[in-house]
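S.K.: Okay, structure incoming, though there's no sequence with it:
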């Protein structure tokens, strides 16, 4: 996903984190929350079968529950061997 695609599902800097999380989950991403104040979100989606890729989107949540530091990671891809 690119920045425009993310914005179309409610994921952008300044949006409410729960809307962002729901938007990502509706597109197959699973989000994990961590950090001392549970402010860091790491969302990933696995695609493919033999050539598997992991798509990752990370963001932080500020004190007003808004998304900040939105980052789209390069896909991590590999081929599964028997």
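M.R.: Looks like it arrived, so ask away. Because the structure is a prediction, the values reported are computed rather than measured. Numbering: from 1, shown residues only.
S.K.: Excluding chain neighbours, what is closest to the residue nearest in space to the middle of the chain?
M.R.: Geometric centre of the chain, nearest residue: residue 57, 3.0 Å, by Cα atoms, centre = their mean. Closest residue in space to residue 57, ignoring its immediate chain neighbours: residue 43 at 4.7 Å, by Cβ to Cβ, 6 or more residues apart in numbering. In short, each C-beta sits where N, CA and C put it, glycine included.
S.K.: what's across from that neighbour in the sheet?
M.R.: residue 31, residue 57 (DSSP bridges).
S.K.: Pretty sure it sits against residue 29.
M.R.: Yes - in terms of Cβ atoms under 8 Å, residue 43 counts as a neighbour of residue 29; the distance is 4.4 Å.
S.K.: what sits in contact with each of these two?
M.R.: Common neighbours of residue 43 and residue 29, counting by Cβ atoms under 8 Å, 6 or more residues apart in numbering, are residue 57.
S.K.: helices and strands around the helix or strand of the chain with the lowest mean pLDDT, which ones?
M.R.: The helix or strand of the chain with the lowest confidence, counting by mean pLDDT, DSSP states H and E, is strand 76-79 at a mean of 82. Secondary-structure packing of strand 76-79 (3 or more Cβ pairs under 8 Å, 6 or more residues apart in numbering; DSSP states H and E): strand 51-61.
S.K.: and the top helix by length along the chain with strand 51-61, angle?
M.R.: As assigned by DSSP state H, the longest helix anywhere in the chain is helix 17-25. Using axes from the mean of the first three to the mean of the last three Cα atoms, to 10 degrees, one finds that helix 17-25 and strand 51-61 are set 170 degrees apart in direction.
S.K.: Not counting sequence-adjacent ones, nearest residue to residue 25?
M.R.: In this structure, residue 25 finds its nearest non-sequential neighbour in residue 31, 6.8 Å apart by Cβ to Cβ, 6+ apart.
S.K.: Return the residues in contact with the closest residue to residue 47 other than its chain neighbours.
M.R.: Once flanking residues are discounted, residue 47 sits nearest to residue 53: 5.1 Å by Cβ to Cβ, 6+ apart. With contacts defined as Cβ under 8 Å, 6+ apart, the neighbours of residue 53 are 46-47, 75-78.
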